[in-house]
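got a predicted model here, sequence first, then my questions.
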Amino acid sequence: MVRDWKVRSSRFAQNSFAFCCLCLVIFMAAPAVSMEIVGRVPRILILYPYDERIAATTAAGEGVRTRLLEATEGKIDIFSEFLDLSRFPETTHKEKMAHFLTDKYAERRPDVVVALGEESASFIVTNRNSIAPGARILVTGFSSGTARDMRLPSDVVGVFNEYDITKTFELARGLQPQARHLFIIGGSADFDRSWLATARAELADLAKNYETTYLEDLTIDEFVERAAHFPPDSIVLVLTIFKDHAGRNFIPREAIKQISATASAPFYGPYPTYIDYGIVGGNMVTFEALGIAVANLALDAVAGRPIANVDAPQTYIADARQLKRWGLSESDLPPGTVQWFMQRTLWEQHWLAILATLAVIVAQGAVIAGLLVERRRRRAAELESRGRLLELVHLNQSATAGALTASIAHELYQPLGAIRSNAEAAELLLQGDAPDLKLIKQILVDIKDDDQRAGDIIARLRGLLKKRKEIDWKEFDLNEVISSAIQILGPEAKRRNIVISSRATEELRVRADRVHIQQVILNLATNAMDAMLDVAPTDRRLVFQSRLTKESKVELSITDTGCGIPGEKLVGIFDAFYTTKPSGTGLGLPIAQMIVETYAGKIWADNSPDGGAVFRFDLPLARNG
Amino acid sequence: MQPVVHIVDDDTSFLTAVGRLVAASGFRVALYESGDKILAALPNVEPGCILLDLQLPGLSGLELQQHLAQKAPLLPIIYLTGQGDIKASVMAMKAGAEDFLEKPVAGKTLLAAIERALHQYEKRQVEQDRIHKLQVRVASLTPREAQVFDLIVRGKLNKQIAYVLGTSERTVKAHRHCVMEKLGVHSLAEAVLIAEKMGRIDPESNPLHHK
């Protein structure tokens, strides 16, 4: 059974006068000792009271070793001895150990002996003359009160750790200002009882404000049971449990771990070794700090500097996981508290990166929001402008229809006239003696055909005047629209002796509003027809040619044999109100341009090498047709 | 020989229908789909009249009219046209179009126009025949008789004529008698009329000064 490192409170001492005297004696005695080390590195012997598994002494020993190696840059001999006095407390063992060490270090007498813990200190004080004659003896791992009780020789200098349970209690009160209950837990070993007595004395004043209960003389199971039913507004201070009421021995922190595991209130304790065993924290001396402090004394001693007793630095230590477990706030900890097991949040580890990222995201968000607003505005503006465009296109349609009305009407009279003549002919034939019924039948067939023709002409005219409130997106073959436009223009072209021809290769599917594309063609074609007014009637030709370009665009060119476009006018020809005709509104070409651009195409004009102008526009090819 | 109505229209359907109507009304018809086709058939087209679409592709109605006036001057032309083409109509009438009809035309109107045109054709034919006969008669005059004829119709007295021609009044009298005989006229007035039709009374040319 391994026991924890024993410690006692300074307040254990009842007689402060005696303490002061002791300090005075030590202070006066210390500088008297000096040391001479010649021609070799200093030798330090560290005495561990137990075996290497005891965390407290091992941590302190490591502190000493690390500090010494660091300060001397390795020019030092460090020896370690584990006395194992807890498992072998017999006097014979101590004597054998003393003999063994005397022999072992006969040729290499240590210059300084660091004794960790009371047992080691007693051991070396008893055996110093045989094991380390003339060496400085340094002790640590217990309080100055204990040191006084032990009546250590005056040249023995120590780093004393003062355990102040009231400071641990302060930490608890800070964290739990609402707490109304105070429980103090201690075991049934002698040490446990003395600790309880010290605590009673020290906490007497502070505990008045709480419903205070000392839990002692309980078995481990009873401790567990009681702890599970503490009121939530309780502060629980644990001292040590080396032994329970049933006489079972414990490593205190193991017992505390067992009790706190199912406890209903947070535990606090004075030892760093309790951390990770269920306590929230406390005011403690870390063993590592003890080690470093005593190592500094050793270095001073080796260097021949005067040394004196010191108190080990105390720190508030808290277990971050326990704070979290009990929902206690970090900000309520006393200033300078060291948090162990802090699972630092992403924020704490990378706050700069996170802040930068957030800033970027926020900036980006702002930009995106701005763009969205802009997009909405733009969309609204686009809708409005599209509405206006549709209106404008309709006006343009009406104008075109008006210009073509005479021709279209004439076109309509052809089938109507034919129907009439046919009907009258049939009438006359029927009046005869032997009517030619075969001819009459043919006449009726022709009448039906001409009626169909008239109907088609009217349908085209209606198509020309069709008003759009919304774009009617459809996929269609551009060549169909070209031939429909040619049919509309046909009569007018005929009237003006213009010969229209069209050359198409394959099917050219585009996605747009058919009526609009037809209007573009009509605008370009009527423009071209007007340009041929001054040309000899036999030379008036209008050629439509559609093709698929290398860039996968559908292109239509309309070539006339007119006078062409003067070079300086080529640029502004699509501008509004630009017109060369006295009757022109100057809106045909700009509207054509607006329409083509609405459907992601472009429109341009050029002069053909044979004289005359070429107007072209292209549209994206509809892919999945 | 019954006259033929020549119909020219590029619209086959319209052409056929009008052709049927005219044929059903008892006329002979000939159909042409373009101006070039009827010109190709000239000058051997049968007599009658021409029904012509004013707006023909290629050779237009007016151009065709000019060709026809040279090669078949006797054939009256009736125009069929769409509404409102006043400018073209006026030009056609000035060029001697017989009639002008708007499409769609009622059968009755069309047939009446055809009747008139054919009647006109007959009149022209008769007139032309008459002129032809007169030309034959005038051609039968001897050069001396022709000289006497030209002087008579200008109101010269026998004495004056004899003086101009350097002959006796008696001789002139005899020639004058022969002229009246050959031309089949009984009065000076009739002779003047013929001379006028034949274009012999030209104020620019005074035969008295030439001889």
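Perfect, I can see it now.

A:Ile440 touches A:Leu430, doesn't it?
Yes - A:Ile440 lies in contact with A:Leu430 (C-beta atoms under 8 Å); the separation is 7.0 Å. Any C-beta I mention is one placed from the backbone N, CA and C, and that applies to glycine too.

please name the residues that touch A:Gly490.
Counting by C-beta atoms under 8 Å, 6 or more residues apart in numbering or on different chains, A:Gly490 touches A:Glu411, A:Ile500.

sec struct for it, please.
helix (DSSP: H, G, I helix; E, B strand; the rest coil).

distance of it from A:Ser407?
A:Gly490 is 8 Å from A:Ser407, where distance means C-beta to C-beta, to the nearest Å.

now swap in A:Asp51 and tell me
119 Å.

quick one: which of these two has more around it?
Between A:Asp51 and A:Ser407, A:Ser407 has the larger neighbour count (other C-beta atoms under 10 Å in any protein chain shown), namely 20 against 15.

chain B versus the more buried one, what's the distance?
From A:Ser407 over to chain B the distance is 8 Å, taken as C-beta to the nearest C-beta, to the nearest Å.

and the strand or helix carrying that residue, what does it pack against?
A:Ser407 is located in helix A:346-431, with elements delineated by DSSP states H and E. On a contact count with 3 or more C-beta pairs under 8 Å, 6 or more residues apart in numbering or on different chains; DSSP states H and E, helix A:346-431 meets helix A:437-465, helix A:478-495, helix A:514-531, helix A:588-598, helix B:12-24, helix B:107-139.

now that helix: average pLDDT?
On average, the pLDDT along helix A:346-431 is 87.

returning to that earlier point: so A:Ile440 and A:Leu430 - more neighbours on which side?
Between A:Ile440 and A:Leu430, counting by other C-beta under 10 Å, A:Ile440 is the more crowded of the two (17 against 12).

now the more buried one, nearest residue through space, not along the chain?
With C-beta to C-beta, 6 or more residues apart in numbering or on different chains as the criterion, A:Ile440 has its nearest non-adjacent residue at 5.2 Å, and that residue is A:Ala426.

looking at this, B:Lys159 is in a helix?
Yes - counting by three-state DSSP, B:Lys159 is found in a helix.

surely it is in contact with B:Thr167?
No - using C-beta under 8 Å, B:Lys159 is not in contact with B:Thr167, being 11.2 Å away.

neighbour count: these two, which is higher?
Between B:Lys159 and B:Thr167, counted using other C-beta under 10 Å, B:Thr167 has the larger neighbour count: 14 against 10.

phi, psi of the more buried one?
Taking degrees, to the nearest 10, you get phi -140, psi -180 for the backbone angles of B:Thr167.

so how far is A:Ala356 from it?
Taken as C-beta to C-beta, the span from B:Thr167 to A:Ala356 is 139 Å.

likewise A:Gly588?
In terms of C-beta to C-beta, A:Gly588 sits 58 Å off from A:Ala356.

report pLDDT for A:Leu116.
91.

can you give me the strands for chain B?
Taking DSSP state E, the strands of chain B run over residues B:4-8, B:28-32, B:48-53, B:77-81, B:99-102.

hey, which of the ones you listed is tucked in deepest?
strand B:48-53 (a mean of 26; mean count of other C-beta atoms under 10 Å in any protein chain shown).

neighbouring contacts of that one?
B:3-11, B:14, B:18, B:22, B:27-28, B:38, B:61, B:64-65, B:68, B:75-81, B:98, B:110, B:114, B:117-118, B:120-121.

strands paired with that strand, and their directions?
Strand B:48-53 has its sheet partners listed here by DSSP bridges as strand B:4-8 (parallel), strand B:77-81 (parallel).

up against chain A, what does chain B have?
By C-beta under 8 Å from any C-beta of the partner chain, the residues of chain B that approach chain A are B:11, B:13-14, B:16-18, B:20-21, B:23-25, B:55, B:57, B:60, B:82-84, B:103-107, B:110.

where does the stretch 201-350 of chain A have low pLDDT?
For the stretch 201-350 of chain A, applying pLDDT under 70 flags the ranges A:343-344.

thought A:Ser234 was touching A:Ile184?
No - using C-beta under 8 Å, A:Ser234 is not in contact with A:Ile184, being 11.0 Å away.

quick one: closest of the strands paired with strand B:48-53 to A:Arg376.
In terms of C-beta to C-beta, the element of those nearest to A:Arg376 is strand B:77-81, at 59.0 Å.

average pLDDT for that closest one?
Mean pLDDT, computed over strand B:77-81, is 85.

mind showing which ranges of the stretch 501-625 of chain A have poor pLDDT?
A:576-586, A:624-625.

mind giving me the domain split of chain B?
B:4-131, B:140-210 (automatic domain parsing).

name the nearest residue to the residue in the stretch 501-625 of chain A that chain B sits nearest to, ignoring sequence neighbours.
Residue nearest to chain B within the stretch 501-625 of chain A: A:Pro537 (7.3 Å; C-beta to the nearest C-beta). Sequence neighbours aside, A:Asn497 is the residue nearest to A:Pro537 in space, at 3.9 Å (criterion: C-beta to C-beta, 6+ apart).

cool, and B:Lys103?
With sequence-adjacent residues excluded and distances taken as C-beta to C-beta, 6+ apart, B:Lys103 is closest to A:Tyr413, at 4.1 Å.

give me the distance between that neighbour and B:Phe100.
A:Tyr413 is 15 Å from B:Phe100, by C-beta to C-beta.

over to A:Leu461?
Taken as C-beta to C-beta, the span from A:Leu461 to B:Phe100 is 27 Å.

now do A:Gly370
When distance is defined by C-beta to C-beta, A:Gly370 is 73 Å away from B:Phe100.

now A:Ser80, what's its secondary structure?
strand.

that one: neighbour count?
Counted with other C-beta under 10 Å, A:Ser80 comes out at 16.

give me the contact list for stretch A:440-452.
Defining contact as C-beta under 8 Å, 6+ apart, one finds that stretch A:440-452 is touched by A:415-416, A:418-419, A:422-423, A:425-426, A:429-430, B:13, B:16-17, B:20.

then stretch A:331-346?
Residues from elsewhere that reach stretch A:331-346, judged by C-beta under 8 Å, 6+ apart: A:170-171, A:174-175, A:177, A:275-276, A:281, A:315-321, A:323, A:330, A:354.

now the helices for the stretch 151-300 of chain A?
Along the stretch 151-300 of chain A, counting by DSSP state H, counting those that start in this stretch, helices occupy A:165-175, A:190-203, A:220-227, A:252-261, A:287-302.

now the angle from the fourth one to helix A:220-227?
Between helix A:252-261 and helix A:220-227, the angle formed by their directions is 40 degrees, by axes from the mean of the first three to the mean of the last three C-alpha atoms, to 10 degrees.

can I get helix A:252-261 in CSV, CA atoms only?
Taking Å, rounded to 0.1, in the frame of the first residue of the first chain, the C-alpha atoms of helix A:252-261 are listed here in CSV:
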residue,chain,number,x,y,z
PRO,A,252,-6.2,9.8,-0.7
ARG,A,253,-6.8,10.8,-4.2
GLU,A,254,-8.1,7.4,-5.2
ALA,A,255,-10.6,7.6,-2.3
ILE,A,256,-11.6,11.1,-3.4
LYS,A,257,-12.0,10.0,-7.0
GLN,A,258,-14.5,7.4,-5.8
ILE,A,259,-16.4,9.8,-3.6
SER,A,260,-16.6,12.7,-6.0
ALA,A,261,-17.5,10.6,-9.0
